[in-house]
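Participant: missing the sequence, but the structure's below:
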């Protein structure tokens, strides 16, 4: 006899997956209409790998199976996905080089979550656009109206949805689970619905705040070690506007704790290697044994040899322009090599503070030589 998984157990497992999944932003469309019977939800994202998207209400989350995290391309909705049975559910793929599949339709068993899957294995990302439409709800919603209805039921549903959003925010910020601190959000008629929404939103996102903070610490630490600027916004696919502050705090803590790590050793080696090349000394990092130890020797050597070769390769050991332009070339080459290693798109202007109107052309030339590994 085949054993069936109890619905409660399945929902608990789904809640765990939902809480662990990452968030993509989605906004209301210009023609948003909460009272419309027909609904539409447009998922737009760039995908490079295999990913599952979970759509519930107005939220999009994803679970990356392999590859790079997807990035938002302007997802929006005319109406939130109903939290109840749906009539006429349809998926129209409007963009993307591989199929978008519905792997699970909304049901009570999965807490009314639509699951879409994309497998993109060609290398490099591709833009995908899935348009989900539906014609209405098969049965009345949990508040006595069809989803998006009007009257008292619609007001109560609005309180539930607002409570769910507020609860999710509190969980992400690590605040205690207490809906009553938001008393201005409900009245005596809507309090119970607000409480139910709040508790569901909080429980679905419990732990996500600390996870997001920890991920920020990890990203900040990596950036500091790699010598990148202190800017949490380069990871804007990792958070949404509600959780940005939590991620930013973790990022800045991780960055500050690791500032001056191996990247400082590399930079010190780079400067000394550049100096030796200008002074026509031999290419030997070991004359600076006091600048490194056994743990940092490889980093120092790498920086030294990059700096030495950048000056030698520029033809700027003697003559060939002012020391200011030689420095600009060497700096540009170093940042170009770094961006190539970090797989950033080539753009020397992100370092505009490193050059002026007199040195921009040399910095740009050095950056391009470094990025494309030109001799």
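Facilitator: Alright, I've got the coordinates. Just so it is clear, the structure is predicted and the values come from calculations on it, not from any experiment. Residues are numbered from 1 along each chain as shown.
Participant: And for residue 82, the neighbour number?
Facilitator: Here the count is done by other Cβ atoms under 10 Å, and residue 82 has 21 residues near it. C-beta: built from backbone N, CA, C; applies to glycine.
Participant: Please state the backbone phi and psi of the residue nearest to the spatial centre of the chain?
Facilitator: Centroid-nearest residue in the chain: residue 237, 2.0 Å away (criterion: Cα atoms, centre = their mean). Phi and psi for residue 237, reported as degrees, to the nearest 10, are phi -80, psi -10.
Participant: Could you measure from it over to residue 51?
Facilitator: For residue 237, the distance to residue 51 equals 12 Å [Cβ to Cβ, to the nearest Å].
Participant: intersection of neighbour lists for those two?
Facilitator: Common neighbours of residue 237 and residue 51 are listed as residue 70 (criterion: Cβ atoms under 8 Å, 6 or more residues apart in numbering).
Participant: Just list the residues touching residue 104, thanks.
Facilitator: 110, 113, 114, 115.
Participant: What is the nearest of those residues to residue 328?
Facilitator: residue 115 (52.2 Å; Cβ to Cβ).
Participant: for the closest one, helix, strand, or coil?
Facilitator: strand (DSSP: H, G, I helix; E, B strand; the rest coil).
Participant: Tell me what it is bridged to.
Facilitator: As for beta bridges, residue 115 partners with residue 54, residue 104 under DSSP bridges.
Participant: ok, it touching residue 53?
Facilitator: Yes - counting by Cβ atoms under 8 Å, residue 53 is a contact partner of residue 115 at 7.1 Å.
Participant: Flag every buried residue along stretch 234-246.
Facilitator: Across stretch 234-246, burial judged by 16 or more other Cβ atoms under 10 Å covers 235, 237, 238, 239, 240, 243, 244, 245, 246.
Participant: actually stretch 354-366, sorry about that
Facilitator: 354, 355, 359, 360, 362, 363, 364, 365, 366.
Participant: thinking again about what came up before, most neighbours out of the contacts of residue 104, which is it?
Facilitator: residue 114 (25 neighbours).
Participant: Name the nearest residue to it, ignoring sequence neighbours.
Facilitator: Distances taken as Cβ to Cβ, 6 or more residues apart in numbering place residue 55 nearest to residue 114, at 4.5 Å, with adjacent residues excluded.
Participant: Any figure for the gap between that neighbour and residue 163?
Facilitator: 20 Å.
Participant: cool, and residue 116?
Facilitator: Counting by Cβ to Cβ, the gap from residue 116 to residue 163 is 27 Å.
Participant: OK, contacts around residue 201?
Facilitator: 163, 164, 165, 166, 167, 168, 169, 171.
Participant: Turn those into a markdown table, including pLDDT, secondary structure and neighbour count.
Facilitator: What follows is the contacts of residue 201, written out as a markdown table (pLDDT from 0 to 100; DSSP: H, G, I helix; E, B strand; the rest coil; neighbours: other Cβ atoms under 10 Å):
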| residue | pLDDT | secondary structure | neighbour count |
| --- | --- | --- | --- |
| 163 | 86 | helix | 27 |
| 164 | 84 | helix | 26 |
| 165 | 83 | helix | 18 |
| 166 | 85 | helix | 20 |
| 167 | 83 | helix | 28 |
| 168 | 78 | helix | 26 |
| 169 | 76 | helix | 18 |
| 171 | 74 | helix | 23 |
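Participant: can you give me the helices in the stretch 51-200 of the chain?
Facilitator: 151-172, 191-205 (DSSP state H, counting those that start in this stretch).
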